[in-house]
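**Q** build me a model from this:
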Amino acid sequence: MTADERTTVDVVPFRSATRAWFAISLQTFGGPAGQIAVMQRALVDDRRWISQRRFMHALNYCMLLPGPEAHQLAIYVGWLLNGLRGGLVAGVLFVLPGMVALLALSAIYVAFGDTTAVAALFTGLGAAVVAIVAQAVVRVAGRALRHPLLVSIAVAAFVALAVFGIPFPVVIAAAALIGWWAARRVPGFHRSQHAEDAAGGPEPLIADDALHTEAPSTARTLRMLAIGLVVWTAPIALAALVLGAASVFTAQGLFFAGTALVTFGGAYAVLAFVAQQAVQTFGWVTADDMVHGLALAETTPGPLIMVVQFVAFLGAYADPGPLSPWAAGVVASLLVTWVTFVPSFLFIFLGAPYIERLRGNRALAGALTGITAAVVGVIANLGVYFAESTLFAVVHTGPLALQVPDLATLRPVSLAIALVAAGLIFLARWPVLRVLGISAALGLAAGLVGLPVA
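**A** Residues are numbered from 1 along each chain as shown. Sure, this is the predicted structure:
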């Protein structure tokens, strides 16, 4: 089969692929680590539609991009299996259940979030998130850090972010350069990039060379870029025209559109940046709201970055402009979801043909491996941020950019629930959803018996 023929042929039946993506979308709990694991099991291990090597090649490219890497991975694999329509269906289905669920939960939070029972419930969920993020660090580190230099990159990334406050793009660019250099100069580094191949795995039913591909060209790139930019920005322009350029809707649309372009390192990295700006700069939510929103996002399927919908809902509800607060919350949620996730489609449809052409390029693979290592440090930094916000009532800025908690403001109920959640995850190996349920129940029980939960 020629490359031209492969641009138009489904390598798996489109209806079967759609059913598979819908089933995957209902199981994607637990943030990017859990979502990638679900796709690995469904597509590589069970259905055997794609090889481990091609799956990891796509994942490494997604790690390079700003935005939620699990969502981008779904679009990329959907494109490999069924072309453009496969990528669109995979990407839309991946976020749809979570979007609907979190919109409903945002409304419930606004309506009942200030009651003791609901506050206690979210105290339990927030504490569980600390353990879940720790698990994500362990999982990603085990998969990515297969060489001493990669461990050094991960540690350096964490220190750069947590201690010196160096911007994410700088950290990611440095990691890519080190990986590119190491692939050419450091003995053993190149072999570490292919450790997943050595681990074996089931043989795919579809050969690597039979997957969808497209010949990259300037004309195709410009056409795709023009269409994508119009589709992406049209809702922001409409909001500015109808609701005002100074409205919260326009501000949120512009902020989250910019966030989609400049925050690297996957969903956890995006959340660290969003939390800082939404709480400290715009005042759309409080730090406690942010932790509660993350806990809600963990309870729903789909990308963790869907929490931006929660942030938008609360911000617009408090400053609705000409709309009613409830209508403002819904409009802002849909607008922010749109501007956050549309760039992922554009990144994949623009870049995938070039990345496929560069398969086997040692320098590119080295750069992607360096980025993957840095992501471990990025996730660890987010874990520290949420742990401090959850376990302590007061956190202040210490030396350099380091955030230091006030030890006298420790929240014992949150600490106890976080330890229980960590035991259930790391020792009992319970699934994330069950741990969240137990943690929520413990928080609710603590609130009902009068223990301090705020």
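**Q** by contact count, what packs against the longest helix seen in the chain?
**A** In the chain, taking DSSP state H as the definition, the longest helix is helix 69-112. Counting contacts by 3 or more CB pairs under 8 Å, 6 or more residues apart in numbering; DSSP states H and E, helix 69-112 is packed against helix 14-25, helix 31-39, helix 52-64, helix 116-144, helix 287-299, helix 307-318, helix 325-357. Every C-beta, even on glycine, is put in place using the N, C-alpha and C of the backbone.
**Q** same list, the ones you listed, but as TSV with mean pLDDT please.
**A** Formatted as TSV, the helices and strands packed on helix 69-112 follow (pLDDT from 0 to 100):
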stretch	mean pLDDT
helix 14-25	91
helix 31-39	71
helix 52-64	80
helix 116-144	75
helix 287-299	76
helix 307-318	91
helix 325-357	92
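**Q** out of these, which one sits most buried?
**A** Comparing the helices and strands packed on helix 69-112 by mean neighbour count (mean count of other CB atoms under 10 Å), helix 307-318 comes out on top with a mean of 27.
**Q** run the chain-centre distance for that one.
**A** 18 Å (CA atoms, centre = their mean, to the nearest Å).
**Q** ok, residues contacting that helix?
**A** Helix 307-318 has contacts (CB atoms under 8 Å, 6 or more residues apart in numbering) with 99, 102-103, 105-107, 109-110, 248-249, 252, 256, 259, 271, 274, 278, 282, 284-285, 289-290, 293-294, 296-297, 325-326, 328-333, 335-337, 340.
**Q** now swap in stretch 48-62 and tell me
**A** With CB under 8 Å, 6+ apart, stretch 48-62 has contacts from 11-12, 36, 39-40, 43-44, 69-70, 72-73, 76-77, 80-81, 194, 196-197, 199, 201-206, 208, 211, 266, 348, 351-352, 355, 359, 365, 368-369, 371-372.
**Q** Arg139 and Gln27: what is the separation?
**A** From Arg139 across to Gln27, the span is 16 Å (CB to CB, to the nearest Å).
**Q** next: Leu271.
**A** For Leu271 relative to Gln27 (CB to CB), the value is 21 Å.
**Q** those two: which is more packed in?
**A** A direct count of neighbours by other CB atoms under 10 Å for Leu271 and Gln27 places Leu271 higher, at 29 against 17.
**Q** for the more buried one, which residues are in contact?
**A** Neighbours of Leu271 in contact, by CB under 8 Å, 6+ apart: 294, 304-305, 307, 382.
**Q** now the strands for the stretch 351-454 of the chain?
**A** 395-397, 403-405 (DSSP state E, counting those that start in this stretch).
**Q** mean neighbour count, these: which tops it?
**A** By mean count of other CB under 10 Å, the strands of the stretch 351-454 of the chain have strand 403-405 as the most buried, with a mean of 16.
**Q** can I assume Ile425 is in contact with Ala136?
**A** No. Applying CB atoms under 8 Å, one finds Ile425 not in contact with Ala136, separated by 10.3 Å.
**Q** now do the shared contacts for the two.
**A** With CB under 8 Å, 6+ apart, Ile425 and Ala136 have no common neighbours.
**Q** neighbours of Ile425, just the number please.
**A** That count, for Ile425 with other CB under 10 Å as the rule, works out to 21.
**Q** what does Ala401 give?
**A** Neighbour tally, Ala401, other CB under 10 Å: 13.
**Q** secondary structure class of the closest residue to it other than its chain neighbours, three-state.
**A** Leaving aside its chain neighbours, Ala401 sits nearest to Gly165 (2.9 Å; criterion: CB to CB, 6 or more residues apart in numbering). Here Gly165 is recorded as coil under DSSP: H, G, I helix; E, B strand; the rest coil.
**Q** list the helices and strands the host helix or strand of Thr259 packs on?
**A** Using DSSP states H and E, Thr259 sits in helix 248-262. If contacts are counted by 3+ CB pairs under 8 Å, 6+ apart, helix 248-262 sits against helix 218-243, helix 267-276, helix 307-318, helix 325-357.
**Q** leaving out chain neighbours, which residue sits closest to Gly91?
**A** Nearest residue to Gly91, sequence neighbours excluded (CB to CB, 6+ apart): Ile75, at 4.1 Å.
**Q** the closest residue to Asp319 other than its chain neighbours: neighbour count?
**A** Nearest in space to Asp319, with sequence neighbours left out and distances taken as CB to CB, 6+ apart, is Val248 at 4.6 Å. By other CB under 10 Å, 22 other residues sit near Val248.
**Q** need the contact list for Val248.
**A** So Val248 contacts 284, 315-316, 319-321, 328, 332 (CB under 8 Å, 6+ apart).
**Q** okay, now the residue nearest to Thr250 when sequence neighbours are not counted: neighbour count?
**A** Leaving aside its chain neighbours, Thr250 sits nearest to Ala240 (4.5 Å; criterion: CB to CB, 6+ apart). When counting by other CB under 10 Å, one arrives at 17 neighbours for Ala240.
**Q** hmm, which two among the contacts of Val248 are most spread apart?
**A** For these, the farthest-apart pair by CB to CB is Trp284 and Gly321; their separation is 13.8 Å.
**Q** if you count what's nearby, which of the two comes out ahead?
**A** Trp284 (25 against 16).
**Q** Three-state assignment for the more buried one, please.
**A** coil.
**Q** what about it, distance to Trp181?
**A** 41 Å.
**Q** what number of residues lie near Leu241?
**A** So Leu241, with other CB under 10 Å, has 10 neighbours.
**Q** for Ala104, same thing?
**A** When neighbours are defined as other CB under 10 Å, Ala104 has 11 of them.
**Q** mind listing what's buried in stretch 434-451?
**A** 435-440, 442-444, 446-447 (16 or more other CB atoms under 10 Å).
**Q** er, stretch 236-253 I mean
**A** 236, 239-240, 243, 247-253.
**Q** farthest-apart pair in those, please.
**A** Farthest pair in these, by CB to CB: Ile236 and Val248, 12.6 Å.
**Q** ok, back up a step: possible to save the strands of the stretch 351-454 of the chain as a markdown table with mean pLDDT and distance to Pro216?
**A** Below are those laid out as a markdown table (pLDDT from 0 to 100; distance: least, CB to CB, whole Å):
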| stretch | mean pLDDT | distance to Pro216 |
| --- | --- | --- |
| strand 395-397 | 78 | 46 |
| strand 403-405 | 85 | 43 |
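**Q** JSON lines for those strands, including distance to Glu388?
**A** Formatted as JSON lines, the strands of the stretch 351-454 of the chain follow (distance: least, CB to CB, whole Å):
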{"stretch": "strand 395-397", "distance to Glu388": "5"}
{"stretch": "strand 403-405", "distance to Glu388": "5"}
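**Q** out of these, the one nearest Ser414 is which?
**A** The nearest among the strands of the stretch 351-454 of the chain, by CB to CB, is strand 403-405 at 12.0 Å.
**Q** which strands and helices lie in contact with the closest one?
**A** helix 362-391, strand 395-397.
**Q** so what's the residue nearest to His71 when sequence neighbours are not counted up against?
**A** Leaving out its chain neighbours, the residue that sits closest to His71 by CB to CB, 6+ apart is Pro303, at 4.7 Å. Counting by CB under 8 Å, 6+ apart, Pro303 touches 28, 32, 35, 68, 70-71, 94-95, 98, 267, 341.
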